[in-house]
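# this one's sequence-less:
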C-alpha cells in the first residue's frame, strides 16, 4: 500500500487529521484533530447531561417511562439543535481533513 492511499484511508476511516502525520504535517494534523475532538467532546458531554436530566425526570415521575414520551421529550428539546450543529461541524471537519490529506498526497507525489 503506497503512502498516499495509507494517509487517505487513515484520515477517512480512523480519525480526521491522522493521515497528515504520514506526511509529517504534524501541525495541520493536530489542528484537524482538535477541530474534530472539541465538538465531539461537547456533543458527548451534552448528551450525557440530557440523559441524566431525563433519568431524573423519570425518577420523579415528571416523564413517563415510555418510548413515545421519551422520544417526544427529546424532539421538543432545544438541545437537539445544538447536537445537530456539533454533528455537522464534525462531518465538515472530517470531509475537509480527507480532502486536505488528498491534496497533500497529490502535491507530495506529483
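Arrived safely, thanks for sending. Every value quoted in this text rests on a predicted model; they were computed, and no experiment measured them.
# for this structure, what spans make up the helices?
Counting by DSSP state H, one finds helices in the chain at the ranges 3-9, 18-22, 26-60, 67-75, 79-109.
# least reliable of those going by mean pLDDT?
In terms of average pLDDT, helix 67-75 trails the rest of the helices of the chain, at a mean of 84.
# which one is the residue nearest the centre of the chain nearest to, not counting chain neighbours?
Centre of the chain computed as the mean C-alpha position; nearest residue by CA atoms, centre = their mean is residue 90, 4.0 Å away. Spatially, and ignoring its direct neighbours in sequence, residue 90 is nearest to residue 39 (5.1 Å; CB to CB, 6 or more residues apart in numbering). Every C-beta, even on glycine, is put in place using the N, C-alpha and C of the backbone.
# quick one: contacts for the one you found?
Residues near residue 39 by CB atoms under 8 Å, 6 or more residues apart in numbering: 86, 87, 89, 90, 93.
# The second one and residue 42, how far apart?
Plainly put, residue 87 is 11 Å away from residue 42 if you go by CB to CB, to the nearest Å.
# Residue 26 now?
24 Å.
# Of those two, which one has the most company?
In this view residue 26 and residue 42 are compared by other CB atoms under 10 Å, and residue 42 has more residues nearby, 16 against 11.
# Next, work out how far apart the residue nearest to that one when sequence neighbours are not counted and residue 14 are.
In space, and not counting its chain neighbours, residue 42 is closest to residue 86: 5.7 Å by CB to CB, 6+ apart. According to CB to CB, residue 86 and residue 14 sit 20 Å apart.
# cool, and residue 48?
Taking CB to CB as the measure, residue 48 falls 24 Å from residue 14.
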